[in-house]
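Trainee: Structure, please.
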Amino acid sequence: MRWLKWPPPNDTIGDSFPAPIVIEPDKTSQGYELNVQLDGEEYQKAVAGDGKFFFWGNLGYLDIFGNPHETYFCSEWNFSESRFVVPKHEKRKLNYYT
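Mentor: Next comes the predicted model:
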């Protein structure tokens, strides 16, 4: 299993994100793109249906009253449909917010 940490340690790509980001009500933020090259045995297993590729993370933020919140997300790449789908897990909540 291969785990990718983004932005990579000691990489300047993380420096391009403005912090803090302020998003007004009924507005969206600027999009960011992440390109990851997948290859090798683990990728071939996932394509053949004998493995999985997940994209997950969390975002922390303060609301307009200064209250902290976090949003956690998890998506699984569906190779046959060429899109991310929400995975189902019987014992764990994978997508939620506080």
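Trainee: residue closest to the middle of this structure?
Mentor: Trp56 (3.7 Å; CA atoms, centre = their mean).
Trainee: So what pairs up with that one in the strands?
Mentor: Here Trp56 sits in beta bridges with Cys74, going by DSSP bridges.
Trainee: Going forward, count from 13.
Mentor: Sounds good: first residue 13 from here, last item Trp68.
Trainee: Quick check: chain neighbours aside, which residue is closest to Gly61?
Mentor: What sits nearest to Gly61 in space, not counting adjacent residues and going by CB to CB, 6 or more residues apart in numbering, is Phe91, at 7.7 Å. In this view, the C-beta of every residue, glycine as well, is placed from N, C-alpha and C.
Trainee: contacting residues for the one you found?
Mentor: When contacts are counted by CB atoms under 8 Å, 6 or more residues apart in numbering, Phe91 touches Ala58, Val59, Gly61, Phe65.
Trainee: do you know how far Lys64 is from Trp89?
Mentor: 8 Å (CB to CB, to the nearest Å).
Trainee: anything in contact with each of those two?
Mentor: In contact with both Lys64 and Trp89: Ala58, using CB under 8 Å, 6+ apart.
Trainee: per-residue pLDDT, the residue nearest to Gly61?
Mentor: For Phe91, the model assigns a pLDDT of 86.
Trainee: Next: His81.
Mentor: Looking at His81, the pLDDT reads 91.
Trainee: Need phi/psi at it.
Mentor: phi -140, psi 160 (degrees, to the nearest 10).
Trainee: Could you verify my assumption that the residue nearest to the centre of the chain touches Leu106?
Mentor: Yes - with contact defined as CB atoms under 8 Å, Trp68 reaches Leu106; the gap is 7.4 Å.
Trainee: Mutual contacts of these two, please.
Mentor: Joint contacts of Trp68 and Leu106 (CB under 8 Å, 6+ apart) are Tyr84, Phe85, Cys86.
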